[in-house]
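Asks: got a predicted structure plus its sequence, pasted below:
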Number of protein chains: 2
Amino acid sequence: MRRVGILGGMGPQATLLLMQKILDAVPATDDADHIPLLVDQNPQVPSRIRHLIEGTGDNPDPVLARMAKGLVAAGAEALAMPCNTAHHYAPSIRSAVQVPFIDMVDLSTRHAAALAGLDGRVGILASPAVRKIGLFDAPLARFGVMALYPQDEAAMLAAIRRIKAAGPEAGTAAALRLQSDALLQRGASVQMIACTEFSLLADATAPGVTAFDTLDVLVGAITAFATGTAASQVRLQRDLELNKADQTKQQRRQS
Amino acid sequence: MRRVGILGGMGPQATLLLMQKILDAVPATDDADHIPLLVDQNPQVPSRIRHLIEGTGDNPDPVLARMAKGLVAAGAEALAMPCNTAHHYAPSIRSAVQVPFIDMVDLSTRHAAALAGLDGRVGILASPAVRKIGLFDAPLARFGVMALYPQDEAAMLAAIRRIKAAGPEAGTAAALRLQSDALLQRGASVQMIACTEFSLLADATAPGVTAFDTLDVLVGAITAFATGTAASQVRLQRDLELNKADQTKQQRRQS
């Protein structure tokens, strides 16, 4: 089995949820059946919200690149990151290492597009930072799909902060369900949970919505890579080409 | 805050429980308040039960030494291991690195001795391997305390295997409670849960027992080290002296 390195701590509870889901995904009769992971649980990565929304915090780029290099030096054969917003910095991670980055945003885009069909709309339950940086817009547009975001961004941000401070609570789930229902009224019958804080909540989407969790998509890809299924071999090649493209861009910027 | 490296995967669920307990131990208002960890979740460490009880498996020593070195190379400033039985191999870990090993067995011995008092008896709910290798006997004897073990070792081993395969279940807890009650009848009113698989079960000890979980003792020590409280500074010095002693012994064996 191949070891996957996890850029974690964003937040730390979401990293634990990913690890638990990976454990649960493996039918095991003893320890050795489980997937080996190297986890950098680093809650001190500069705040993505402060950097992208408030414009006051440090850029997480160098910290994430350093974490990626450290995980690979310690033996990780691929990397993954259970935080959608932080995928804004994925080019820095890719250009820092020679192993594939299992990209939760790319995988989730494909999954959402398959569910929504051409000319569909996909609702995105995420941090307002995700809308601001257009994390899913261009990738979904390539499949002819439009991204729709909750209009009450203050409510979304408050929900994330409440989960980071107090854990998942029924009141927070109810607040999120309101936003999910509003997205459904605007035509997004397919919705994705694209914030690993929201992954901690059960029933965060409204009745009538076809919902999936980007974290579950990542769990499937990590399991496939670690156990070496055929589909993951194809992805591996494409992921390595992406690393190379990001490295070339980075070199051009530096020269 | 200082980063602690975790030699994990023995089993993987117990490692997650340690991480969750560390998260829960920190009063946090945002990610950055939490303790940074580097976790080698390695379920492929050779089975301690096969090596110590059945005498058929590989020696985990070299794998654990390699994991310890890797974690320190990646930036861990101390190491800890959420598996009591594996502490049999602690000398190899200590002699492989220059950072302190936060020793769950040593810390738990002191805690048990303080609860039991002189001439006390401490019941040890653990893998039969723990009795066989005398993990706690000599350390407790130094405090004048006698270690008592469950007499039905097959039941204990079956419980561990059931938890590793199926997770914590009420039936397994009931089986363990029977053993705990038998220990109480033999005079062990203080008992310690000294198997991180059993830490996954609620109510694993009999009514009337003063019980504690060795994993909770480890959580306290990791938190103290990471946040740099005064008590942990004193331990740090002692732990480094232990490393040195183990390195000297190892050198003597090799020369």
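Replies: Ah, there it is.

Asks: and the gap between residue A:23 and residue A:76?
Replies: 18 Å (Cβ to Cβ, to the nearest Å). (Glycine included, C-beta is placed from N, CA and C.)

Asks: quick one: which of the two has more around it?
Replies: Of the pair residue A:23 and residue A:76, residue A:76 is the one with more neighbours under other Cβ atoms under 10 Å in any protein chain shown, namely 24 against 21.

Asks: for that one, which non-adjacent residue is closest in space?
Replies: With sequence-adjacent residues excluded and distances taken as Cβ to Cβ, 6 or more residues apart in numbering or on different chains, residue A:76 is closest to residue A:5, at 2.8 Å.

Asks: what of residue A:139?
Replies: Nearest non-adjacent residue to residue A:139 (Cβ to Cβ, 6+ apart): residue A:109, at 4.1 Å.

Asks: in chain A, which spans are helices?
Replies: A:12-25, A:48-49, A:61-73, A:90-96, A:104-116, A:128-132, A:137-141, A:153-166, A:170-185, A:214-227, A:230-254 (DSSP state H).

Asks: next one: residue A:122 from residue A:11, what distance?
Replies: For residue A:122 relative to residue A:11 (Cβ to Cβ), the value is 24 Å.

Asks: and for residue A:44?
Replies: Applying Cβ to Cβ to residue A:44 and residue A:11 gives a distance of 12 Å.

Asks: same check on residue A:2?
Replies: 26 Å.

Asks: what about the two, which has more around it?
Replies: residue A:11 (25 against 17).

Asks: residues touching that one, list them.
Replies: A:43, A:83, A:164, A:196, A:197, B:31, B:34 (Cβ atoms under 8 Å, 6 or more residues apart in numbering or on different chains).

Asks: make it 7 Å
Replies: Going by Cβ atoms under 7 Å, 6 or more residues apart in numbering or on different chains, residue A:11 touches A:43, A:164, A:197, B:31.

Asks: can you check residue A:12 too?
Replies: A:41, A:43, B:23, B:31, B:34.

Asks: now swap in residue A:78 and tell me
Replies: A:2, A:4, A:99, A:100, A:102, A:225.

Asks: distance check, the closest residue to residue A:168 other than its chain neighbours against chain B.
Replies: The shortest distance from residue A:168 to any non-neighbouring residue, by Cβ to Cβ, 6+ apart, is to residue A:200 (4.2 Å). Between residue A:200 and chain B the computed distance is 12 Å (Cβ to the nearest Cβ, to the nearest Å).

Asks: repeat that for residue A:92.
Replies: From residue A:92 to chain B the distance is 19 Å (Cβ to the nearest Cβ).

Asks: and residue A:139, how many residues sit next to it?
Replies: That count, for residue A:139 with other Cβ under 10 Å as the rule, works out to 19.

Asks: surely it touches residue A:111?
Replies: No. Judged on Cβ atoms under 7 Å, residue A:139 makes no contact with residue A:111 at a distance of 11.4 Å.

Asks: ok, now which ones touch residue A:157?
Replies: A:127, A:128 are the contacts of residue A:157 under Cβ under 7 Å, 6+ apart.

Asks: confidence score at it?
Replies: Residue A:157 is assigned 90 on the pLDDT scale.

Asks: if we can go back for a sec, which one in the contacts of residue A:11 is the model shakiest on?
Replies: For these, the pLDDT minimum is residue A:164, 81.

Asks: any idea how far that residue is from chain B?
Replies: With Cβ to the nearest Cβ as the criterion, residue A:164 and chain B are 6 Å apart.

Asks: am I right that that residue is in contact with residue B:32?
Replies: No. In this structure residue A:164 lies outside contact range of residue B:32 using Cβ under 7 Å: 9.9 Å.

Asks: these two: which has the busier surroundings?
Replies: residue A:164 (23 against 17).

Asks: setting aside sequence neighbours, what's the nearest residue to the more buried one?
Replies: residue A:11 (5.3 Å).

Asks: identify the residues contacting residue A:124.
Replies: Residue A:124 neighbours (Cβ under 7 Å, 6+ apart): A:130, A:136, A:147, A:148, A:149, A:192, A:194.

Asks: does stretch A:216-232 reach chain B?
Replies: No. Applying Cβ under 7 Å from any Cβ of the partner chain, one finds stretch A:216-232 out of contact with chain B, separated by at least 10.9 Å.

Asks: what's that stretch in contact with?
Replies: A:1-2, A:4, A:18, A:21-22, A:25-26, A:35, A:78, A:80, A:82, A:102, A:104, A:107-108, A:111.

Asks: run the last query once more with 6 Å
Replies: Outside of stretch A:216-232, the residues within contact range by Cβ atoms under 6 Å, 6 or more residues apart in numbering or on different chains are A:1-2, A:4, A:21-22, A:25, A:35, A:78, A:80, A:102, A:104, A:107-108, A:111.
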